[in-house]
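Chemist: I would like to see how this sequence folds:
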Amino acid sequence: MVQNSLVNYIREQIRAGYDTKSIKKYLLKYNYTESQINEAIQAAYPPSEVKHTLHLSKTTVALTISIIFTIIIASGIFIYMTSRGPSQLLDVRINIITQSIESGDPLSFTAEISNLGKTNRYDVTLMYEIYDLGNNLITFKEETIALETKAASSVTINLGEQFPGNYRLKTKATYKKGTAEASSSFKITRKTSAQQPDEPITQRPITQEPVTPITPEQCPSNCDDNDQCTTDHCSESTNYECKHDIVLQCCGNKICESDENYETCLADCSAPEEANIFKGKPIWEKIDMISDIAKTNKEQALQYCKAIPQTGYKYDCFAAIAAASDDIDICLNIEDDSYRDSCYKDAAKETRDSDSCSKIVKDSKRDQCYMAFVTKEDYTVCDKLINKYLKQSCESLKKLSEVEIPEHVVIT
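Modeler: Residues are numbered from 1 along each chain as shown. A predicted model of the protein is given here:
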């Protein structure tokens, strides 16, 4: 008997652009038999009928006309631009020197830009922006450089004291013909507690009259207890004894505190044990099950996702929870920009909230998100589209929706 979950998975992978050969090779690794896979692939490709009767709504007819029109225009422009070649075209890359820095330390990185166009020399303005995971701008820095073929710039940005966590560096290169962007993530950790210096010991002054010699009390030469979660000090106020004050919110103090979990501090917080219900299940079935759990217990589902060791699957799991729980903020758990954009796009579709598309970083993917609403006859997003051809298509569909077209067209 064909497994419905396996059939659904194959259909999803086909829609994502994978061929059946790659899907089959992948499934064989997870102990599916060749016959099971072949049956599921056949079920995912139902035999077509010789003759079809299609009932097309006026929206579908309008969308088809607009898409054909857009393809013709875009193809002509592509051929023209390919033969002509742009005079200015940029590629920008950033490389963070240290992916993890302590709070208060500056961030150092290099920005590389390459001239892929025909113009020999032109000025480029580089804007460097630092955001937290809430997409709040922390600080920025700007510079202008003259570009011929390739240029690199070493940059240091002072961040000040920031809360420990993950942050994003976004670099935007602006030039006469347009813009180019790149981004990368980094982490800020707690500042290592510095040992307080011992207070100086002043000996009693020697008077002219003979006095009994006094040996001054003093602190030990070293009070370090080799515990990063204590502040070690000694002074007259401690009666010249070493004291070790516990540092709160510190990884390593054997307390799983409110802002810690097993990912950020495994020394204090133990990882959740995998539930028996997942044992023996392939990863995609496990993610589907976690998605179902999220509908009633979002926090538990999040713990299951965080326990997935493979980063890519973990991000897919977060995206599934965001869609299942109608909580787009779950996407903030994803550090990679591309995965997080996909999470926002899927969640926007499930929650039917086009405003969620605005959180997407990459312009082309943000446009894809808005176009999903256009196909549902929501033309309020037309002005938000960046690609001018998609915007024209949206406006055309809006006008066509106001034209009287027979409710159904039958094609035999």
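
Chemist: quick one: the helices in the stretch 201-350 of the chain, in order.
Modeler: Taking DSSP state H, counting those that start in this stretch to define them, one finds helices in the stretch 201-350 of the chain at 283-294, 298-306, 311-325, 337-351.

Chemist: give me the pLDDT value at Ile67.
Modeler: In this model, Ile67 is scored at 63, pLDDT.

Chemist: repeat that for the one 10 residues further on.
Modeler: Model confidence at Ile77, expressed as pLDDT, equals 44.

Chemist: what does the one 4 residues further on give?
Modeler: Per-residue pLDDT puts Met81 at 43.

Chemist: quick revisit: so which of the helices of the stretch 201-350 of the chain comes closest to Asp232?
Modeler: Smallest distance to Asp232 across the helices of the stretch 201-350 of the chain (C-beta to C-beta): 34.1 Å, for helix 298-306. In this view, the C-beta of every residue, glycine as well, is placed from N, C-alpha and C.

Chemist: for the closest one, buried residues please.
Modeler: Residues of helix 298-306 classed as buried under the neighbour-count rule (16 or more other C-beta atoms under 10 Å) are 298, 301-306.

Chemist: packing partners for it?
Modeler: Judged by 3 or more C-beta pairs under 8 Å, 6 or more residues apart in numbering; DSSP states H and E, helix 298-306 is in contact with helix 283-294, helix 311-325.

Chemist: that helix: how far from the chain's middle?
Modeler: The chain centroid and the centroid of helix 298-306 are separated by 18 Å under C-alpha atoms, centre = their mean, to the nearest Å.

Chemist: kindly report the same for stretch 32-47.
Modeler: 34 Å.

Chemist: again, but for stretch 326-340
Modeler: Chain-centre distance of stretch 326-340: 6 Å, with C-alpha atoms, centre = their mean.

Chemist: stretch 387-401 too?
Modeler: Using C-alpha atoms, centre = their mean, the mean C-alpha position of stretch 387-401 is found 30 Å from that of the whole chain.

Chemist: mind listing what's buried in that stretch?
Modeler: For stretch 387-401, a neighbour-count test (16+ other C-beta under 10 Å) marks 387, 390-394, 396-398, 400 as buried.

Chemist: now do stretch 171-191
Modeler: 171-175, 180-186, 188.

Chemist: out of those, list just those in strands.
Modeler: Residues of the buried residues of stretch 171-191 located in strands (DSSP state E): 171-175, 180-186, 188.

Chemist: what's the lowest-pLDDT member of those residues?
Modeler: Tyr175 (75).

Chemist: name the nearest residue to that residue, ignoring sequence neighbours.
Modeler: Leaving aside its chain neighbours, Tyr175 sits nearest to Val124 (4.8 Å; criterion: C-beta to C-beta, 6 or more residues apart in numbering).

Chemist: do Ala319 as well
Modeler: Nearest to Ala319 is Cys343, by C-beta to C-beta, 6+ apart, at 3.9 Å.

Chemist: isn't the one you found right up against Cys331?
Modeler: Yes - look at Cys343 against Cys331 with C-beta atoms under 8 Å: they come within range, at 3.8 Å.

Chemist: overlap in contacts of these two?
Modeler: 318-319, 322 (C-beta atoms under 8 Å, 6 or more residues apart in numbering).

Chemist: so which of the residues you listed comes closest to Gln13?
Modeler: Taking these together and measuring to Gln13 by C-beta to C-beta, the closest member is Ala319, at 15.5 Å.

Chemist: what about the closest one, distance to Asn333?
Modeler: Applying C-beta to C-beta, to the nearest Å, the value for Ala319 to Asn333 is 10 Å.

Chemist: before we move on, what about Cys369?
Modeler: Distance of Cys369 to Asn333, given as C-beta to C-beta: 19 Å.

Chemist: where does pLDDT dip in the stretch 51-200 of the chain?
Modeler: Scanning the stretch 51-200 of the chain with the threshold set as pLDDT under 70 gives 51-89, 116-120, 176-177, 193-200.

Chemist: would you map out the domains in this structure?
Modeler: According to automatic domain parsing, the chain comprises the domains 4-76, 90-189, 276-403.

Chemist: one step back: and of the helices and strands packed on helix 298-306, who's closest to Pro106?
Modeler: helix 311-325 (27.6 Å).

Chemist: who touches that closest one?
Modeler: Counting by C-beta under 8 Å, 6+ apart, 283, 287-288, 290-292, 294-295, 298, 301-302, 304-306, 308, 327-331, 333-334, 336, 339-340, 342-343, 346-347, 349-351 sit against helix 311-325.

Chemist: stretch 13-25 now?
Modeler: With contact meaning C-beta under 8 Å, 6+ apart, stretch 13-25 is reached by 10, 34, 37-38, 41, 44.

Chemist: from these, pick the one nearest Cys269.
Modeler: Of the contacts of stretch 13-25, the one sitting nearest to Cys269 (C-beta to C-beta) turns out to be Ile10, at 37.9 Å.

Chemist: any idea which element that closest one lies in?
Modeler: Assigned by DSSP states H and E, Ile10 belongs to helix 4-15.

Chemist: one more: Ser35?
Modeler: helix 34-44.

Chemist: which parts of that helix are buried?
Modeler: Under 16+ other C-beta under 10 Å, the buried positions of helix 34-44 are 36-37, 39-41, 43-44.
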